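[1] structural data only, the sequence is not supplied:
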């Protein structure tokens, strides 16, 4: 089984990285072939080119490799902080360039005329882990938890991924070491359960 894990946080020693490592370890120990990307460490270029914005296949070899890995994965995990109710800029650029037309989705008429998309991803399940400094209840009741909507409905469902699990960990800024340890364990448990689900 092929798995893809992508983390986006500028600090290599961040809690986001700890969550990503827990997912990678869980899937590796389950026997998955895991591809791991740290977007900041790798210097991923998030800038969508003019031709890519018009639907032309990318000429960037790194982006093309990421697209191929996304298209090949059975399991996908994405880990990033909540930035104003959205993914951070680097992650948003990764989404824009890698969830590309004719790679992650298409349309029956060949162009986006407002009709329903056809998802092209073979990914059987996705795990989205976010961190934040807003209590989960306030994030849901006051803000409507936009990250859940973005990942679940606007991206993954659009591209054909039917099973999505997500967790928002926080408040990170005031969390204790024990709380963070428990959250890392939860991330690993969620990853193992997702692998069992798609066996």
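    Now that the structure is in, tell me what you want to look at. Just so it is clear, the model here is predicted, and its values are computed rather than measured. Numbers count the residues shown, from 1 in each chain.
[2] run through who's touching stretch 156-164.
    Applying CB atoms under 8 Å, 6 or more residues apart in numbering, the contact partners of stretch 156-164 are 76, 99, 104-105, 117-121, 123-128, 151-152, 194, 197-198. No exception for glycine: its C-beta is placed from N, CA and C like everyone else's.
[3] now, which of these lie within helices?
    194, 197, 198 (DSSP state H).
[4] and the residue nearest the centre of this structure?
    By CA atoms, centre = their mean, the chain has its centre lying nearest to residue 78, at 2.7 Å.
[5] any of the contacts of stretch 156-164 buried? List them.
    76, 99, 104-105, 117, 119-121, 123-128, 151-152, 194 (16 or more other CB atoms under 10 Å).
[6] in strands only, show me those.
    Those of the buried ones among the contacts of stretch 156-164 mapping onto strands are 76, 105, 117, 119, 125, 126, 127, 128, per DSSP state E.
[7] list the buried residues in the helix or strand of the chain with the lowest mean pLDDT.
    Between all helices and strands in the chain, the lowest mean by mean pLDDT, DSSP states H and E belongs to helix 136-141, at a mean of 86. Across helix 136-141, burial judged by 16+ other CB under 10 Å covers residue 139.
[8] how distant is that helix from the center of its chain?
    21 Å (CA atoms, centre = their mean, to the nearest Å).
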